[in-house]
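A.B. asks: Here is my input, please return the structure:
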Amino acid sequence: MTNQEREELCQLLACLFYPPDEDLSGLIHQGKLHGIFEKYVRNLGGDATILRGFLIEGTLATLRIDLRAEYDRLFSGLEKDGVALVESCYKMWTKDRSCSLPFASETGLLMGDSAVHLLEIYQMCDLEVAEEFKGCPDHLALELEFLSYLYRWTTDGEIKRFIEDHLDWIPLLRERSRLFDPHPFYWSAIEILDLLLRRERERLEVEDNGKKRVY
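C.D. replies: Coordinates of the predicted model:
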């Protein structure tokens, strides 16, 4: 895969982890989403059967209702209530040993170290966080959009570092999702994401190709 294809794939994956809208439901109902992702999965050396969750039968109206209900069931709560799509929820709130707050070493909380770090990075890149994500700038959809940005503008070394620093929680997300028996659509989305990151960890080596550094 080229970096342009990886950039496109990250943008597409980000869309799957926003609340589902009519456009997404329409693409699934028409069978187009399966076709869009199939080439990326094959280029990553993956098995196309992981896309079976994108082949959903039934009416468009039923699909819209089912996907939205499933998104709310799985992802609307924090880690203790569902499957959090926010990095901070999977990590110790802060590693700062000087922090005296009683919850400093707990998990399942918002706006931890990862969120603060990402806000700094976004600011360096002149990127703004939408109002709905002010309290969770390390939401998976935003992280995938930023990874897409990195594929366009930065080095493989920085991409590798971002994946290691900020997408290392995806295996935890995958295992957490299993416990909630997710809709096949969302399980396919998680499987494609996991495939991409595994392949990228195998591929990437730190190098400087002369593009600008952002963090």
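
A.B. asks: list the buried ones in stretch 7-23?
C.D. replies: Across stretch 7-23, burial judged by 16 or more other CB atoms under 10 Å covers E7, E8, L9, C10, L12, L13, A14, C15, L16, F17, Y18, P20. Backbone N, C-alpha and C define where each C-beta goes, glycine included.

A.B. asks: should've said stretch 46-63
C.D. replies: G46, I50, L51, G53, F54, I56, L63.

A.B. asks: which one of the residues you listed is nearest I192?
C.D. replies: Proximity of the buried residues of stretch 46-63 to I192 (CB to CB) peaks at I50, which lies at 6.3 Å.

A.B. asks: Please give me every residue in contact with the closest one.
C.D. replies: Contact partners of I50, counting by CB atoms under 8 Å, 6 or more residues apart in numbering, are V41, S188, E191, I192, L195.

A.B. asks: what's the answer for Q11, then?
C.D. replies: L144, E145, S148.

A.B. asks: that older thread, and the least confident of the buried residues of stretch 46-63?
C.D. replies: Minimum pLDDT across the buried residues of stretch 46-63 is recorded for I56, with 92.

A.B. asks: ok, back up a step: which one among the buried residues of stretch 7-23 gets closest to M111?
C.D. replies: Set against M111, the nearest of these by CB to CB is F17 (19.0 Å).

A.B. asks: In this structure the closest one contacts L144, no?
C.D. replies: Yes. Shown here, F17 and L144 form a contact pair, counting by CB atoms under 8 Å, at 7.0 Å.

A.B. asks: just the helices in this protein please.
C.D. replies: Assigned by DSSP state H, the helices in the chain fall at 3-16, 22-29, 32-43, 60-75, 113-124, 140-153, 156-166, 170-178, 184-203.

A.B. asks: So which residue is dead centre in the protein?
C.D. replies: By CA atoms, centre = their mean, the chain has its centre lying nearest to L140, at 3.6 Å.
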